[in-house]
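> Build the 3D model from these lines:
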Amino acid sequence: MPADIPLSNPLTTPDDRRMVDELLRSTGLSGTAHRDALESALAQATARYHAVSLASSEQALSLLLHAVGVTQDREVVVPALGDTAILRAIRRVGGIPKFADCDPGTLVPTAASVEQCITDETAAVAASHGDGWGTGLPAVAAICARNEVPLVELVGTRVGSSCGAAPAGSLGRAAYIDLSQRGIISTGEGGAIVTDDEHLAAACRPAPYHSSLCPFRADALSELNAAVGLAQLRRLSTTIEVCTDAAETYTIALSRMPELLLPATTPDAVSCWSRYVIRLDETFSADDRDEIIRGMERHEIQAAAGLSHLPAEWDSSLASTCPVAAATASRTIALPIHPALTRRDVELICQTLQLMVQRATLRRSA
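Residues are numbered from 1 along each chain as shown. Next comes the predicted model:
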C-alpha cells in the first residue's frame with residue numbers, strides 16, 4: 001500500500017494529459033517529434049549542443065560510460081558516497097571503480113581527492129551533484145582537463161540546478177540525466193545524455209535493433225514518455241520554485257533539532273531539490289537510522305537511506321576505506337520533496353521525524 005506522503009511523486013497536470021491525448025489521436029506511438037523536442041529542450045536547459053534521450057536511466061548511464069572509454073578493466077573515478085546506480089553501470093561495462101572520499105560539509109569529493117585517484121589507467125571521472133548543489137564541480141572539471149581525463153557529470157535528478165552562470169549538465173565531456181519517476185521532472189522512466197561532442201552523441205544514439213551486437217545497446221525514449229517529459233520540462237522553473245520552498249521549510253523547521261546536520265548550499269546556487277537529505281549526528285547508529293525510517297513509514301511517510309558507502313557496496317573488504325563516506329552513509333535519511341508536497345505535508349514530516357528521533361534517543365538512554 002503506497003504511503004500517504006511518497007518519497008517522490010512527479011506532478012502530472014491537465015497539460016500533460018492533453019499532450020498525451022493529442023499524441024495518441026495524431027501519430028499514435030510512432031514518430032519522433034516529441035522526442036526531438038524533448039532533446040532540444042534538454043540541450044537548451046544544460047547549455048549543450050546535443051542531447052540523446054533513452055528509454056532507461058540505467059541504460060543511459062552504462063552507454064555513456066562505455067562511450068567515453070570505460071571498458072573492460074579500465075578505471076573510473078567515482079564518489080565514495082552516493083547512489084549505487086553508478087556501480088551497476090560500471091559492472092555492466094566491466095570497469096573498475098576508484099573511490100574518491102567526500103568533503104564532510106558538502107558530501108561530494110573535492111578536486112584534491114579526485115586527483116589522488118587518477119592514474120594512467122583512468123578512463124574517466126564521474127562526479128556527482130550533492131543534494132542542494134554539487135559544490136566543487138568546477139574545480140573537479142579543471143583537474144580533469146589538466147590530467148586530460150574525460151569528466152562525466154552525474155546530474156541525476158537535478159536537471160534545472162545552476163551555480164552562477166553554469167547550469168547543471170554543462171561541465172565536462174558529457175552529462176547523465178535521470179528522467180525516471182525518482183525526480184521532479186520525469187518521463188515515467190528514461191534517461192538522457194547531453195554533450196557538446198557530436199561524435200560522442202552519435203555513439204550514444206540507439207543502434208539498429210535487428211543488427212546491433214553491442215551489449216550496451218539502449219532503446220530510444222518512446223514518444224509517449226517523451227510527451228510527458230516535455231510537458232513537465234516546460235514548467236521546470238515553476239516546479240523548482242515549489243520544491244525550493246519545500247526545502248526552505250524543511251531547513252527552518254529542522255534547524256531547531258540539534259541532532260541533525262542539514263544539506264549544505266551556496267548563496268549563488270539554484271537547486272533542483274528532488275529530495276532532502278539530512279544527517280543524524282555521530283551518536284546515532286545505522287540501526288537507529290533504520291528504526292527512524294521504519295517509524296516514519298508506520299505514519300504513512302516514505303523515507304529512505306539517503307546515501308550509500310559505495311566502496312563497501314562494491315566489495316565488503318573495502319568497508320573501512322574512504323573514512324568520511326564510511327562514517328556518514330549510515331546516518332543519512334532522504335526526506336520527500338516533490339511538486340505535490342504541500343507546506344502542511346512538510347510540517348507533518350518534520351514533526352514525525354522529531355518524534356522518531358526522540359524515541360531513538362530514549363531507547364539508547366534506557
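> Quick one: residues contacting the closest residue to Ala360 other than its chain neighbours.
For Ala360, ignoring the flanking residues on the chain, the nearest one in space by Cβ to Cβ, 6 or more residues apart in numbering is Asp288 at 4.6 Å. C-betas here are computed from N, CA, C, even on glycine. Going by Cβ atoms under 8 Å, 6 or more residues apart in numbering, Asp288 touches Leu280, Ala360, Arg363, Arg364.
> Take the residues you listed and keep only those in strands.
Within the contacts of Asp288, residues falling in strands by DSSP state E are Leu280.
> biggest separation within the contacts of Asp288, which pair?
Across these, the longest distance by Cβ to Cβ is 13.6 Å; it joins Leu280 and Arg363.
> Neighbour count for the two, which is higher?
Leu280 (22 against 11; other Cβ atoms under 10 Å).
> Grab the nearest non-local neighbour of the more buried one.
Spatial nearest neighbour of Leu280, excluding adjacent residues (Cβ to Cβ, 6+ apart): Arg331 at 4.3 Å.
> now that neighbour: how far from Phe99?
19 Å (Cβ to Cβ, to the nearest Å).
> Please apply the same query to Leu307.
Counting by Cβ to Cβ, the gap from Leu307 to Phe99 is 13 Å.
> So those two - more neighbours on which side?
Using other Cβ under 10 Å as the criterion, Leu307 and Phe99 rank with Leu307 on top: 26 against 23.
> Quick check: the more buried one touching Thr328?
Yes: applying Cβ atoms under 8 Å, one finds Leu307 in contact with Thr328, separated by 7.2 Å.
> Give the residues shared as contacts by those two.
In the contact map built from Cβ under 8 Å, 6+ apart, the residues linked to both Leu307 and Thr328 are Leu81, Leu107.
> Where do the domain boundaries of the protein fall?
As recorded under automatic domain parsing, the domains making up the chain are 14-233, 236-365.
> and the longest one, how far from the chain's centre?
On the basis of Cα atoms, centre = their mean, to the nearest Å, the separation between the geometric centre of domain 14-233 and that of its chain is 10 Å.
> any idea of the mean pLDDT for it?
The pLDDT scores in domain 14-233 average 90.
> One more: the shortest one?
Averaging pLDDT along domain 236-365 yields 93.
> List the buried residues of stretch 326-345.
Neighbour-count burial for stretch 326-345, counted by 16 or more other Cβ atoms under 10 Å, picks out 326, 328-339, 341, 345.
> Gln181: which of the residues you listed is nearest?
His338 (9.7 Å).
> Check which helix or strand the closest one maps to.
Under the criterion DSSP states H and E, no helix or strand holds His338.
> number of nearby residues for Leu87?
By other Cβ under 10 Å, 18 other residues sit near Leu87.
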